[in-house]
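Visitor: Sequence first, then the predicted structure:
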Amino acid sequence: MTDGSIAMKGSDYLLELLETAKRNDGLHIRTILLREGRLGVAIALLMLAIPAVVPIPNPLGPVFGTCLAFVAVQMLFGRQNLWLPEFVGRRMLPIKVVAAAVNGTRPTILRIEAMLQPGRLARLTGRGARVLLAIPVLLLALLIALPIPFGNTLPAISIVLIAISLAEQDGLMILLAMVVLVAACFACYYLAITAGSLVFTALF
């Protein structure tokens, strides 16, 4: 990453959090928010979105969606040190969830990091852009929170791309994240319609 306040990339930080989870037999959500500043926001988005990349059952979807929504609102107001309500922050993520999320997504994140070029289209990752990005992040968080079967994946991938883009200050990846966002909206719409039709058919 390009900021001297952190010496490791997001892919390495995933391993650090996995080791923390192994030591504590789980990972408190508040642990994800310990770092401050631009990189702290990026890492918080990354770590809260990664578990939702794979289809996960309730109540984890609403939990991660709610946490991401809290982060998005704080991004909107330009906060650099993030906060979550204590009842959310003390929520313990099971070690199996953390391990599956890290091991399942880290190879892809490594490949994405290899393609990044810090400073490319820098205006799309500047302070003003980060405030504006809070709006799509909030939308994506709401999609993750909704009980749509298989509806977590694309919204979570879009947030992961936004997080990595902010961390490495690569604006081109922001554009790709917006393309995924549009795809996520369409996918969630059709998944919700399909699920509703199946429920209606089963009941009537």
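Guide: Structure received. Residues are numbered from 1 along each chain as shown.
Visitor: Below-threshold pLDDT in the protein: ranges please.
Guide: For the chain, the stretches flagged by pLDDT under 70 are 1-8, 34-38, 55-60, 200.
Visitor: show me where it has strands.
Guide: 27-28, 92-93 (DSSP state E).
Visitor: Turn those into TSV, columns for mean neighbour count.
Guide: From N, CA and C alone the C-beta is placed, and that goes for glycine too. Rendered in TSV, the data for the strands of the chain read as follows (neighbours: other CB atoms under 10 Å):
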stretch	mean neighbour count
strand 27-28	20
strand 92-93	18
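Visitor: Which among those strands is found nearest to residue 70?
Guide: Of all the strands of the chain, strand 27-28 sits nearest to residue 70, with 15.1 Å by CB to CB.
Visitor: who's in contact with that closest one?
Guide: Outside strand 27-28, the residues within contact range by CB atoms under 8 Å, 6 or more residues apart in numbering are 17, 20, 21, 89, 90, 91, 92, 93, 95, 98.
Visitor: okay, the strands of the chain in TSV with distance to residue 106 next?
Guide: Output for the strands of the chain, formatted as TSV (distance: least, CB to CB, whole Å):
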stretch	distance to residue 106
strand 27-28	15
strand 92-93	16
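Visitor: between these, which gets nearest to residue 193?
Guide: Per CB to CB, nearest to residue 193 of the strands of the chain: strand 92-93, 31.3 Å.
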